[in-house]
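A.B. asks: Next one to model:
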Amino acid sequence: MPSSRGRTISTPSEAASARRGVRNLFVVALVVGVAIGVFSILADGILPGRLFTVLGNIAAPWAIAAFVVGFRATSVRQGALAGVVALVAGVATYYAGVAFRGYIVGQLNVVWTVVALVAGPVMGACGAAISTRREHPPLVAVALPAAVLVAEGLFLLYDRKVWRYDVVDQIFHDVYVSVALALIASGFALSWVFAKDQRGRASLLVAGVGVLGAIGFAVLERIITTVV
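C.D. replies: Presented below is the predicted three-dimensional model:
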């Protein structure tokens with residue numbers, strides 16, 4: 001019986017262990033999904049502080065959640081499935097909480113479910129591709145999660161219209177800008193950690209895809225605004 005790493009499983013105990021590993025992976029995916037959904041609910045005015053509000057209403061934590069779940073997988077296919085399970089569970093948890101609090105759940109949940117179905121498997125697959133090929137991870141698998149962080153950071157800077165700021169009085173006191181800069185730095189740091197002998201190429205790819213992603217976030221915001 002072939003395993004997800006390409007090794008032949010020769011004993012029943014090894015086969016049972018492999019099945020337990022798969023079950024555990026998807027249990028973790030569900031737990032992570034529910035956790036990110038609950039956090040987003042709490043960030044909608046329940047937890048105090050603007051930092052929680054910002055983190056609970058951006059896409060980056062969701063993407064990283066799928067990436068982390070995928071990193072535990074033993075194959076790219078498993079990682080992709082675990083990623084989508086995590087994000088769909090997160091979306092379902094969030095909208096269940098929203099409905100419980102008495103808010104109207106409408107077309108917006110459909111939009112975010114579609115986003116989860118796209119982003120979840122991609123980020124999960126990237127995590128698995130890196131974890132199963134740690135010495136020479138695929139460049140795309142490294143660049144995409146990092147670019148999501150950079151894209152989110154650039155979008156926040158655009159959304160806050162930072163070019164209108166007085167640098168001394170405002171830019172370093174705006175939590176949105178602080179989060180944006182942290183996201184951009186984290187994106188390049190992530191690519192630096194995992195890319196190893198491809199760091200220069202990874203940084204260029206992260207920068208380029210990050211800019212395109214920021215434009216995509218702006219377009220998505222307009223779509224969501226139109227739907228709502």
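A.B. asks: Run through the neighbouring helices and strands of the helix or strand containing Val209.
C.D. replies: Using DSSP states H and E, Val209 falls within helix 199-227. With contacts taken as 3 or more CB pairs under 8 Å, 6 or more residues apart in numbering; DSSP states H and E, helix 199-227 sits against helix 107-132, helix 139-159, helix 175-195. The C-beta positions use only the backbone N, C-alpha and C, and glycine is treated the same way.
A.B. asks: Could I get the ones you listed in CSV, plus columns for mean pLDDT and distance to Ile223?
C.D. replies: Listed next are the helices and strands packed on helix 199-227 as CSV, based on pLDDT from 0 to 100; distance: least, CB to CB, whole Å:
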stretch, mean pLDDT, distance to Ile223
helix 107-132, 83, 7
helix 139-159, 94, 14
helix 175-195, 92, 21
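A.B. asks: Adding mean neighbour count, write those helices out as TSV.
C.D. replies: Formatted as TSV, these follow (neighbours: other CB atoms under 10 Å):
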stretch	mean neighbour count
helix 107-132	21
helix 139-159	24
helix 175-195	19
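A.B. asks: Flag the shaky bits of the chain, pLDDT-wise.
C.D. replies: By pLDDT under 70, the weakly predicted segments of the chain are 1-10, 14, 103-112, 166-173, 227-228.
A.B. asks: so where does the spatially most central residue of the chain fall, helix or strand?
C.D. replies: Nearest to the geometric centre of the chain sits Ala63, at 0.7 Å (CA atoms, centre = their mean). Here Ala63 sits within helix 60-71, counting by DSSP H and E.
A.B. asks: Kindly report the domain assignment for this protein.
C.D. replies: What automatic domain parsing lists as the domains of the chain is 1-132, 137-228.
A.B. asks: Can you spell out which helices and strands pack onto the host helix or strand of Arg19?
C.D. replies: According to DSSP H and E, Arg19 maps onto helix 12-43. Using 3+ CB pairs under 8 Å, 6+ apart, the elements in contact with helix 12-43 are helix 50-56, helix 60-71, helix 76-100.
A.B. asks: where's the helix holding Ala63 relative to the chain centroid, distance-wise?
C.D. replies: Its chain's C-alpha centre and that of helix 60-71 lie 4 Å apart, by CA atoms, centre = their mean, to the nearest Å.
A.B. asks: what's it packed up against?
C.D. replies: Helices and strands touching helix 60-71, by 3+ CB pairs under 8 Å, 6+ apart, are helix 12-43, helix 76-100, helix 107-132, helix 139-159.
A.B. asks: export these to JSON lines and tack on distance to Val69?
C.D. replies: Putting the helices and strands packed on helix 60-71 into JSON lines (distance: least, CB to CB, whole Å) gives the following:
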{"stretch": "helix 12-43", "distance to Val69": "5"}
{"stretch": "helix 76-100", "distance to Val69": "5"}
{"stretch": "helix 107-132", "distance to Val69": "6"}
{"stretch": "helix 139-159", "distance to Val69": "12"}
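A.B. asks: Ser203 is nearest to which of those helices?
C.D. replies: Nearest of these to Ser203, taken as CB to CB: helix 139-159 at 8.8 Å.
A.B. asks: Pro138 and Gly21: what is the separation?
C.D. replies: 22 Å (CB to CB, to the nearest Å).
A.B. asks: quick revisit: can you redo the helices and strands packed on helix 199-227 as TSV with distance to Ala82?
C.D. replies: Formatted as TSV, these follow (distance: least, CB to CB, whole Å):
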stretch	distance to Ala82
helix 107-132	5
helix 139-159	14
helix 175-195	19
